[in-house]
Every structure is written in C-alpha cells, then in structure tokens.
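> Quick one, fold the following:
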Amino acid sequence: MRGRTVLRTIRLGGWEPRVVRSVVLALCFLLGAAAGHLYAGTCGQETQAALRAYLTDYCSVYDAGGAAASMLSCVALYFGYAVALLLLGFSGIGAALIPALSGVFGFLSMYTISCFVRTFGRAGVALALGLLGVRLLITLPCFLALAEAAWPLSIEVLLLSFGRGKRSAPVQYGSQYFFLFLLCAVILALGVCCERFFTPVLFRWIAGQVL
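Down below sits the predicted model:
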C-alpha cells in the first residue's frame, strides 16, 4: 500500500499546474497559428493579387528608407498584449480571454508570415523574418510569461465571483507578479527601440537581397 502511495505521488507530482498552464497556452498559440496559416490559404486570386501589390509597394517604400513605424504604433505592437494580460489578471473574464488571446497572437503572427510567403514565395520567408523576427523574439517570451502568471489569478477571481465560499481569502497579487510585468516592460521597451532603428535596416537589407 505504501509503495502504491509513493508511486501515485510521483505520478501526480509530474503534472505541476504551472507546467500544464504553460503547455495549454502554447497549444492555444500553435492552434491559432495553424488557423492563421489555413486562413491565409483561403484567399482568392484577386485578394492575393491585391495583397501582392500592397506588399510590393510597402517593401519598395521601406527599402527606399521612406517607411518608419511611428513610436505610437511600436508601443502598441509591443505593449498591447502585455497591458491586456496585466489587466485580465484582475478580472474573472481573463480565465477565458487569456487562452483566447494566446490563440489570437498565434493567428495574427502566422497569418502575416503566410501572406508574405504566398505573395513572394521563398523570398517571403526572409522578408517575414526581417519584419517580424525581432518582434516575435521579444514579445512571444514576454507574452507567455505574463499569461502564465495572470491566468491562475484570473481563475481565482472567477471562482470567487461565483461564491466559492464566503470565507475564502481574496486573491493575493504578490510582488513577483508586478516585478515580472516591470521586467517585461523593460525588455519590451528595448524591443520598441529595435523596431524603430534596427528592424528597418534589417528589412531593407533583406529586401535588397531577395527582391
């Protein structure tokens, strides 16, 4: 009996809630990415032609140095998800919206990449890498870290709102939660600088090589 109890403890110990939440959020991102890729493939020839004309003009302007993302748009791109996750951590609705937001993140990212690939072929992979590579490298880890921290808190808020015991203690937002957001804010601020100054140079160089 004691041996069975030890084995059961070992099996249950392998399924840590934090690991499960991380896996679920990653799966939501991947499912959203798959949906974005499939949706990009449903575009008709007219839509693809219009998209190719738009991206060609965009790349030519960017290549000439005339396109530069505004500071406001860069801040929105880098901090939009982070601020949303921070706020959702204080709301019970975040229990459903945080996984959904992970799927939206994956959908929009892969949809953009797939549009580049379907428009420019193999060159589109390099162009998408030049345009989104640095952004995803910075925003995706921050998103997953913040989502994994905010999701269980929003679930606790949801359970309390449904009356999970009148004597239940309020949800505790420890200093680690806010420190994580500040740490991600610093990293995302560096990403905004890269988006403004490094990404245009990288994109123009790649566009010059493949177009």
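
> low-scoring stretches of this structure, by residue?
Scanning the chain with the threshold set as pLDDT under 70 gives 1-15, 44, 46-48, 51, 54-69, 163-170, 211.

> hmm, try it at 90
1-21, 40-74, 112, 115-124, 127-128, 130-131, 156-176, 195-211 (pLDDT under 90).

> Which phi and psi values does Tyr173 adopt?
The phi and psi torsions at Tyr173 (degrees, to the nearest 10) take the values phi -100, psi 100.

> Report the contact partners of the closest residue to it other than its chain neighbours.
Closest residue to Tyr173 apart from its sequence neighbours, by C-beta to C-beta, 6 or more residues apart in numbering: Leu153 at 6.6 Å. Quick note: C-beta positions are derived from backbone N, CA and C, even for glycine. With contact set as C-beta atoms under 8 Å, 6 or more residues apart in numbering, Leu153 has these partners: Gly89, Phe90, Gly94, Val171, Tyr173, Tyr177.

> where's Thr112 relative to His37, distance?
11 Å (C-beta to C-beta, to the nearest Å).

> Which of these two has more residues huddled nearby?
When Thr112 and His37 are compared for neighbours, His37 comes out ahead with 18 against 15, by other C-beta atoms under 10 Å.

> That one: which element?
If you go by DSSP states H and E, His37 is part of helix 17-41.

> neighbouring contacts of that helix?
98-100, 102-112, 114-115, 118, 140, 144, 147-148, 151-152.
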